[in-house]
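**Q** I'd like to go over a predicted model; first the sequence, then the structure.
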Amino acid sequence: MKPAGIYILEVIVCSGLLLAFYQFLLARKVPYRACRRYLLVSALLSVVIPALRLPILPAQTVYLQIPVAGAAGAAGAETAGAGPAAIAPAADSAAATAFPWQGVLLALYACIVLLLLSVLIRNLLRISNLRKASRLTPQPEFTLAEHPRVVSPFSFWRTIFLRQEEEPDGKQRAMIVAHEAAHIRHRHSRDKVTLGVLKALFWFNPFFWMMERMLSEVQEYEADDDVLRAGYNIDSYRLAIFKQLFGYYPDLTSGLSHSLTKKRFTMMNQAPRGFLSWLRLGAALPLFAGLLVAFGATARPSTPDMQGSDQVQQKKEDPKTISVVVNAYAPGMVLVDGTTVEVENLATYLNGLNTETSLVTVSLQADPDTKMEVVDKVKEQLRKALTLRLSYKLPGAEEGVRRSMPPMAGTQLPGGQKVMTSEEALKTVQRENIYVIRVNSREKIYAGSEKFDNANDFIPTLKDFLREHGGKAVISYQADLGSSYACYLSVQKAIKQAYDEVRDEMARSRYGKPLAELDAEAYQAILQDLPLNVSEALRAGKK
């Protein structure tokens, strides 16, 4: 889901471009019905297109440049003067004293929407009350409502409102009724109510207000054209309009308004016709398609290479899995699918396999007591081989925790960018969005500003953090190289559990069902709105 500010900006840009196209190529140049429909469709598409998430763009590999695991990265993360552990308390204090601008703006928006909708509803009630008090004369296509309070004729839905007169001018009255009947026949009231509601909901968009004015003009042109095509004399019809110049009728109605008189008289003599009109309309199709691609299209789902991201957990099997087993009692050796390989030669061995290493998932298994210093050396070799998908497991476990590592710092990325070092990456993350988890060599866990003996104990505080910061949240996981693989894995599982539970809450709130029951598109939408971003920094020295 897009941020509200981006969505609002895209709605304004879409409506502005569509209105500019109408003004320069369509206004007074194509049939009135086509103009009217274009304005209404443009307003609706301006709201709908930015809200779409169509996966039609080519998939790309995305790298989240946050601190990376490894000896070099760990040192940078630990020695940086603005590390996450040092800045988290200050960020919490700043967040607590921050003025709630978002809530104030939301309240202001809601107040204005309610005000505009109340005005619209009031006008509808006034029309309804006037109809109840009028003398009604049913006709085949409409109902004629006559009342002394009606100063200027108007129509709404299937009712024409006229002033009740003892001796009305029959010829003039017939032309006026023909004009208002045209409004009813073309369902102009429906168009006005629709655009009125959109204008109330998107009152901040100036182009919707302009569309409403242009729609009223086109509706009058169309009704005038129907009257003249019915055979009425143009001079007599103009005279009837002059006699109705001074009057009042409620909003949302179609009536004889003196504000449009000059434009209407001009358009009576130059109604747009011809094949060229339809060519102009056809030119709008590329514009619609361009806006759809620019604002409503997203990249097709792909496997992002980001540290800590679990978006690789697709509902299908990976193309290939390689088992890498680390033995705590033989730290210099690993078993790769049963073959003994020296750790320092692991990258060379993997690159020599007849497979695409970037598509391989490594099932990394280690004894519970294995020190993270040993595991870190294995992970460094995997990154050198660009084997970035991992599934952390304990020996004999059926399921693991999936993660995806970034390439080595300095690696050239598609588009000319390079993977940043930990120090560089930390500067790109706002302090208040970082949740720090530290594990020392004695396997004491510090999460946020609290100390925990068990990894599962910090899950509630992490969930609160995720609810508050959403997709901006970054988990800075700093584990001591002297801590065990079992402790490391327990923290990873706790992080995953916290994310899964918050995502499940989002799925139930947004779609009315748990995350596991969502279709592929909705499932990916939740993962994109709350990506699991974990920055690992393995370090040594502190007890």
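**A** Good, I have the coordinates.

**Q** so residue 222 makes contact with residue 36?
**A** Yes - at 6.6 Å, residue 222 counts as touching residue 36 under the criterion of CB atoms under 8 Å. Where C-beta positions appear, they are placed from N, C-alpha and C, glycine not excepted.

**Q** what's the overlap in contacts for those two?
**A** Counting by CB atoms under 8 Å, 6 or more residues apart in numbering, the shared contacts of residue 222 and residue 36 are 186, 188.

**Q** how about the strands in the stretch 351-500 of the chain?
**A** 360-366, 389-393, 401-404, 434-439, 445-447, 450-452, 474-480 (DSSP state E, counting those that start in this stretch).

**Q** right, so of those, which gets closest to residue 177?
**A** Closest to residue 177 of those, according to CB to CB: strand 474-480, at 68.5 Å.

**Q** for the closest one, C-alpha coordinates in CSV please.
**A** The C-alpha coordinates for strand 474-480 follow below in CSV (Å, rounded to 0.1, in the frame of the first residue of the first chain):
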residue,chain,number,x,y,z
VAL,A,474,15.0,-2.0,10.8
ILE,A,475,16.2,-4.6,13.3
SER,A,476,19.9,-4.2,14.2
TYR,A,477,20.9,-7.6,15.5
GLN,A,478,24.4,-7.6,17.1
ALA,A,479,25.6,-11.0,18.2
ASP,A,480,28.9,-11.7,19.8
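
**Q** point out where the stretch 251-400 of the chain drops to low pLDDT.
**A** Counting by pLDDT under 70, the stretch 251-400 of the chain shows low-confidence ranges at 251-261, 271-275, 298-319, 357-358.

**Q** picking up where we left off before, can I get the strands of the stretch 351-500 of the chain in JSON lines with distance to residue 202?
**A** Converted to JSON lines, the strands of the stretch 351-500 of the chain look like this (distance: least, CB to CB, whole Å):
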{"stretch": "strand 360-366", "distance to residue 202": "46"}
{"stretch": "strand 389-393", "distance to residue 202": "43"}
{"stretch": "strand 401-404", "distance to residue 202": "39"}
{"stretch": "strand 434-439", "distance to residue 202": "36"}
{"stretch": "strand 445-447", "distance to residue 202": "42"}
{"stretch": "strand 450-452", "distance to residue 202": "44"}
{"stretch": "strand 474-480", "distance to residue 202": "34"}
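
**Q** elements contacting the helix or strand containing residue 210?
**A** Per DSSP states H and E, residue 210 falls inside helix 206-229. For helix 206-229, the packing partners by 3 or more CB pairs under 8 Å, 6 or more residues apart in numbering; DSSP states H and E come out as helix 4-21, helix 32-48, helix 170-185, helix 188-201, helix 234-243, strand 254-255, helix 261-267.

**Q** CSV for these, including mean neighbour count and distance to residue 109?
**A** Shown next, in CSV, are the helices and strands packed on helix 206-229 (neighbours: other CB atoms under 10 Å; distance: least, CB to CB, whole Å):
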stretch, mean neighbour count, distance to residue 109
helix 4-21, 17, 9
helix 32-48, 19, 15
helix 170-185, 19, 33
helix 188-201, 18, 9
helix 234-243, 15, 40
strand 254-255, 24, 30
helix 261-267, 15, 34
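
**Q** closest one to residue 131 among these?
**A** Using CB to CB, the helices and strands packed on helix 206-229 put helix 188-201 closest to residue 131, at 12.8 Å.

**Q** what angle sits between that closest one and helix 206-229?
**A** Helix 188-201 and helix 206-229 are oriented at 170 degrees to each other (axes from the mean of the first three to the mean of the last three CA atoms, to 10 degrees).

**Q** tell me, how many residues neighbour the closest residue to residue 377 other than its chain neighbours?
**A** Once flanking residues are discounted, residue 377 sits nearest to residue 343: 5.4 Å by CB to CB, 6 or more residues apart in numbering. Per other CB atoms under 10 Å, the neighbour tally for residue 343 reads 18.

**Q** can you tell me which residues contact residue 343?
**A** 331-334, 374, 377-378, 381.

**Q** residue 393: neighbour count?
**A** Residue 393: 18 neighbours (other CB under 10 Å).

**Q** next, residue 162: secondary structure please.
**A** Taking DSSP: H, G, I helix; E, B strand; the rest coil as the rule, one finds residue 162 in the strand state.

**Q** of all the contacts of residue 343, which comes closest to residue 487?
**A** residue 374 (13.9 Å).

**Q** how far is stretch 212-220 from where the chain is centred?
**A** 32 Å (CA atoms, centre = their mean, to the nearest Å).

**Q** how about stretch 451-469?
**A** So, by CA atoms, centre = their mean, the centroid of stretch 451-469 is 27 Å from its chain's centroid.

**Q** tilt between the helix of greatest length in the chain and helix 188-201?
**A** If you go by DSSP state H, the chain has its longest helix at helix 101-133. Here helix 101-133 runs at an angle of 150 degrees relative to helix 188-201 (the same axes, to 10 degrees).

**Q** quick one: list the elements packing against helix 101-133.
**A** Using 3+ CB pairs under 8 Å, 6+ apart: helix 101-133 touches strand 143-147, strand 159-163, helix 188-201.

**Q** quickly find the element holding residue 504.
**A** helix 485-511.

**Q** closest one to residue 180 among the helices and strands packed on helix 101-133?
**A** strand 159-163 (4.4 Å).

**Q** could you dump the closest one to PDB, C-alpha only?
**A** This file holds the C-alpha atoms of strand 159-163, laid out as PDB (Å, rounded to 0.1, in the frame of the first residue of the first chain):
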ATOM      1  CA  THR A 159     -38.300  15.400 -11.900                       C
ATOM      2  CA  ILE A 160     -38.600  18.800 -13.600                       C
ATOM      3  CA  PHE A 161     -39.300  21.800 -11.300                       C
ATOM      4  CA  LEU A 162     -41.200  24.700 -12.800                       C
ATOM      5  CA  ARG A 163     -42.800  27.900 -11.300                       C
END
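
**Q** so how far is the helix holding residue 504 from its chain's centroid?
**A** For helix 485-511, the distance to the chain centre is 23 Å (CA atoms, centre = their mean).

**Q** return the set of buried residues in that helix.
**A** Neighbour-count burial for helix 485-511 flags 485, 487-499, 502-507, 511 (criterion: 16 or more other CB atoms under 10 Å).

**Q** could you do stretch 136-145 as well?
**A** 142-145.

**Q** got it, and stretch 404-413?
**A** 404-407, 409.

**Q** next one: stretch 108-124
**A** 109, 116, 120, 123-124.

**Q** how about stretch 359-374?
**A** In stretch 359-374, counting by 16+ other CB under 10 Å, buried: 360-367, 370-372, 374.

**Q** in CSV: those, plus distance to residue 295.
**A** Shown next, in CSV, are those (distance: CB to CB, whole Å):
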residue, distance to residue 295
360, 37
361, 35
362, 39
363, 41
364, 41
365, 46
366, 47
367, 52
370, 50
371, 51
372, 45
374, 50
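
**Q** out of these, flag the one nearest to residue 327.
**A** residue 367 (6.6 Å).

**Q** show me what contacts that closest one?
**A** 326-328, 395, 485.

**Q** coming back round to it: so can I have CSV of the buried residues of stretch 136-145 showing distance to residue 26?
**A** Formatted as CSV, the buried residues of stretch 136-145 follow (distance: CB to CB, whole Å):
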residue, distance to residue 26
142, 30
143, 34
144, 35
145, 35
